[in-house]
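Chemist: Sequence plus the predicted model coming up.
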Amino acid sequence: MIGRFKHLFSATGNDVAEEKTDVSATVSPPTVAEDGPALSLADVEREYCTSLLSANALQDVPLSDLEHRVLDEITALLASPDTACDALPRLPEVLPRLMKSLRDERASWEEIARVVGQDPLLVAEVLRLANSPCFRVTTKATCLEQVVMQLGLVGLREVVVTVSLKPIMKLDGGRYWQQAGRRVWSQALAAAVACRSLALSLDAGRFEAYLAGLLHNVGMVLVVQSLSCLSQGDEAPRSIQFYDQIQPLVKRLSCLIARHWDLPAASVEALRERAGSALAVSSPLGRILRHGVHLSMLQALVEDGQVEDPFPYLCALPDVERRACEQALGDIEAQTQSL
């Protein structure tokens, strides 16, 4: 698989192909256009999803009974936002009030702190995360006021929403699926970091971008949960059909959940665009989310040893977006190592 990714990367342009002569000499001639992207988002998503849910290569075989049942269950959840949200692992009881405060740009840090303070464990987790490499406070923060002084109100909102949503990734069941849940969270956090970095570089709404990145794959939690409940042991999906059908459902489910939670309109719109066709992405935040998701999944594949270098993907981008994505990749690597 590494060879196939190298092959796709080497087809980005003449300069890249010349620099990787030693690699391209070992693979078949390019099958993608030289002026095309190094790797399409659809390819990256399929590779990431396969890596997440299956230890085996995909096969062109009919849907299994397990795959049919999971697809039916996820499709049913799309018909009922309440049922979908109730099916997620338990969230902090203060989350509805917290989301209302985080959604209101006029809310002061004191208002947010008042809601957070109702859950002592939430306060402790907020301080732990604020002091981690993901947010880089200059001196150790011991109270929410110090977090605000160092990260600002937007930084506090990002820390609080991250801590509040992390419990949804704590899945019961077999060890294999618990690990898959942790990987979903790790990739979601990487996407949030990338989207925040891109928003700062491209002058877009930072919190809305961070939130969209954090929640873009929340529907996958329900897929992993369904597989954990319905599979026998570590039985995993293996058909190409399943992966092609489940990914659009996950995107729609993530958007449905975000809308039901009444998240900021810009975040929901970016998720809605992602649930549509690639050509439908037109808003600045929608493009940021697309890049952030792509970069976070590429980084996950790098960590799995399935991609050697994500940077050749950036060669096909306009200069401004390429520089922003390079910065975002650096931020992912630097800020998510300890989480």
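Modeler: Received it, and whenever you're ready, just let me know what you need. Numbers count the residues shown, from 1 in each chain.
Chemist: and the gap between G155 and V193?
Modeler: 13 Å (CB to CB, to the nearest Å). All C-beta spots, glycine's among them, are computed from the backbone N, C-alpha and C.
Chemist: ugh, typo on my part, it should be E308
Modeler: 22 Å.
Chemist: ok, those two, which is more surrounded?
Modeler: Neighbour totals were compared for E308 and V193, and V193 leads with 29 against 15 (other CB atoms under 10 Å).
Chemist: Next up, phi/psi of the more buried one, please.
Modeler: Reported as degrees, to the nearest 10, the phi and psi values for V193 are phi -60, psi -40.
Chemist: Now do the same contact list for it.
Modeler: 134, 210, 213, 296, 328, 331-332, 335-336 (CB atoms under 8 Å, 6 or more residues apart in numbering).
Chemist: Among those residues, which ones are in helices?
Modeler: The members of these that map onto helices under DSSP state H are 210, 213, 296, 328, 331-332, 335.
Chemist: which one is V307 nearest to, not counting chain neighbours?
Modeler: Counting by CB to CB, 6 or more residues apart in numbering, the nearest residue to V307 once its immediate chain neighbours are dropped is L301, at 4.2 Å.
Chemist: cool, A76 as well?
Modeler: Closest to A76 by CB to CB, 6+ apart is T83, at 7.7 Å.
Chemist: ok, L78 touching L256?
Modeler: Yes: L78 is in contact with L256 according to CB atoms under 8 Å; the separation is 6.4 Å.
Chemist: For these two, indicate the residue with more neighbours.
Modeler: L256 (23 against 15).
Chemist: What score does the more buried one have for pLDDT?
Modeler: L256 carries a pLDDT value of 93.
Chemist: now swap in D35 and tell me
Modeler: For D35, the model assigns a pLDDT of 42.
Chemist: Please spell out which residues along stretch 195-213 are buried.
Modeler: 195-199, 201-202, 204-213 (16 or more other CB atoms under 10 Å).
Chemist: Can you report how many residues neighbour V293?
Modeler: Quick note: V293 (other CB under 10 Å) scores 26 neighbours.
Chemist: what sits against it?
Modeler: By CB under 8 Å, 6+ apart, the neighbours of V293 are 41, 45, 191, 194, 213, 216-217, 274.
Chemist: what about 10 Å?
Modeler: The contact partners of V293, taken as CB atoms under 10 Å, 6 or more residues apart in numbering, are 41, 44-45, 48, 187-188, 190-191, 194-195, 212-213, 216-217, 251, 274.
Chemist: Now do the SS call for it.
Modeler: helix (DSSP: H, G, I helix; E, B strand; the rest coil).
Chemist: neighbour-wise, which of the contacts of V193 leads?
Modeler: G213 (32 neighbours).
Chemist: which SSE is the residue most central in space within the chain in?
Modeler: For the chain, the residue lying nearest the average C-alpha position, counting by CA atoms, centre = their mean, turns out to be A188 (3.1 Å). Using DSSP states H and E, A188 sits within helix 175-202.
Chemist: What average pLDDT does that helix get?
Modeler: Helix 175-202 comes out at a mean pLDDT of 88.
Chemist: swap in stretch 319-339?
Modeler: pLDDT averaged over stretch 319-339 gives 82.
Chemist: now stretch 205-217
Modeler: 93.
Chemist: cool, stretch 66-85 as well?
Modeler: pLDDT averaged over stretch 66-85 gives 93.
Chemist: Report the buried residues of stretch 154-164.
Modeler: Neighbour counts over stretch 154-164 (16+ other CB under 10 Å) mark 155-164 as buried.
Chemist: Pick the one among these closest to D72.
Modeler: Set against D72, the nearest of these by CB to CB is S164 (30.7 Å).
Chemist: The closest one and V123 touch, don't they?
Modeler: No: applying CB atoms under 10 Å, one finds S164 not in contact with V123, separated by 11.6 Å.
Chemist: shared neighbours, the two?
Modeler: Joint contacts of S164 and V123 (CB under 10 Å, 6+ apart) are V116.
Chemist: Now for G155 and V193: what residues contact both?
Modeler: Common contacts of G155 and V193, defined by CB under 10 Å, 6+ apart, comprise 135, 210.
Chemist: Where do the strands of the stretch 1-150 of the chain begin and end?
Modeler: Counting by DSSP state E, counting those that start in this stretch, the stretch 1-150 of the chain has no strands to list.
Chemist: how about the helices in it?
Modeler: 2-10, 14-19, 21-24, 41-53, 65-78, 81-87, 95-103, 109-116, 120-130, 144-165 (DSSP state H, counting those that start in this stretch).
Chemist: what's the last one packed up against?
Modeler: With contacts defined as 3 or more CB pairs under 10 Å, 6 or more residues apart in numbering; DSSP states H and E, helix 144-165 has these neighbours: helix 95-103, helix 109-116, helix 120-130, helix 175-202, helix 206-215.
Chemist: Can you show me the helices along the stretch 201-339 of the chain?
Modeler: Counting by DSSP H, counting those that start in this stretch, the helices of the stretch 201-339 of the chain are 206-215, 218-230, 240-260, 265-275, 284-303, 319-335.
Chemist: Now tell me what touches the last one from outside.
Modeler: Outside of helix 319-335, the residues within contact range by CB under 10 Å, 6+ apart are 132-136, 187, 189-202, 287-288, 291-292, 294-296, 298-300, 302-303, 310-311, 313-318.
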